[in-house]
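> Return a 3D structure for these sequence lines:
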Amino acid sequence: MMKNARLLILLILLLLGGSTLAADLVESQVKQVIAGDIYKLKYQGTIVPARLIGVNLPKEKKKKTADADYFYNPELAGKAKILAIQKLLAGQNVYLEFDRARRDRDGYLLVYLWLDKEATEMFNEILLREGYGRLKVVRPNIRYEKRLTEASQEAEKMGRGIWETTERSIRRN
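Presented below is the predicted three-dimensional model:
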């Protein structure tokens, strides 16, 4: 009898616990938006720089570089930063999810940034779906590669952001 009660309690806890994804989230707090994909976050009691996984946004400043991922578009970079400032208010709680590599070579915390603890709105995905940047897959961080690829493809198909053609821009004006 006691064994059955324990099994029933365990089953109820598993069902009420929601998705395993939500259990993997770490609450954090936005301290500052540096760029559309780079922030200062309060994580484990310390302010740390963080970068979004899977997102490559254009840069505001032009520089000569051999980096194939670098692309210059100050207008779109500014729009991405404005969106981040609107969605990620200073002091706001956000929820971080990590993949296999937690930091990049520059020491930035690498994150999937969720706007809610139920893990329904991922900011990485929002930026790609709106066309603010390109998909950037860097192994081993590929947990949401398919999801982010679909968001990027939707933006391209719909001609949003960086995928907006000159011809379409001319027709709108």
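> in the protein, what secondary structure element scores lowest on mean pLDDT?
helix 166-172 (a mean of 43; mean pLDDT, DSSP states H and E).
> the strands in the chain, which residues?
For the chain, the strands defined by DSSP state E occupy 26-35, 38-43, 46-52, 55-56, 93-97, 109-114, 134-135.
> CA atoms only: put the first one into PDB for me.
Put plainly, it is strand 26-35. The C-alpha trace of strand 26-35 is given here as PDB (Å, rounded to 0.1, in the frame of the first residue of the first chain):
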ATOM      1  CA  VAL A  26      18.100  29.400 -14.500                       C
ATOM      2  CA  GLU A  27      16.600  32.600 -13.400                       C
ATOM      3  CA  SER A  28      18.700  35.700 -14.100                       C
ATOM      4  CA  GLN A  29      18.200  39.400 -14.300                       C
ATOM      5  CA  VAL A  30      18.900  41.800 -17.100                       C
ATOM      6  CA  LYS A  31      21.400  44.500 -16.100                       C
ATOM      7  CA  GLN A  32      22.200  46.100 -19.500                       C
ATOM      8  CA  VAL A  33      21.600  45.600 -23.200                       C
ATOM      9  CA  ILE A  34      24.900  46.000 -25.000                       C
ATOM     10  CA  ALA A  35      23.700  44.900 -28.500                       C
END
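> what comes into contact with that strand?
By Cβ atoms under 8 Å, 6 or more residues apart in numbering, the surrounding residues in contact with strand 26-35 are 39-43, 47, 49, 57, 60, 77, 80-81, 84-85, 88-98, 117. From N, CA and C alone the C-beta is placed, and that goes for glycine too.
> I'd like the distance from that strand to the chain centre, please.
In terms of Cα atoms, centre = their mean, to the nearest Å, the centre of strand 26-35 is found 12 Å from the chain centre.
> for stretch 77-91, same thing?
On Cα atoms, centre = their mean, the centre of stretch 77-91 falls 12 Å from the chain's centre.
> buried sites along it?
77, 79-81, 83-84, 87-88 (16 or more other Cβ atoms under 10 Å).
> Nearest the geometric middle of the protein, what residue?
Asn124 (2.3 Å; Cα atoms, centre = their mean).
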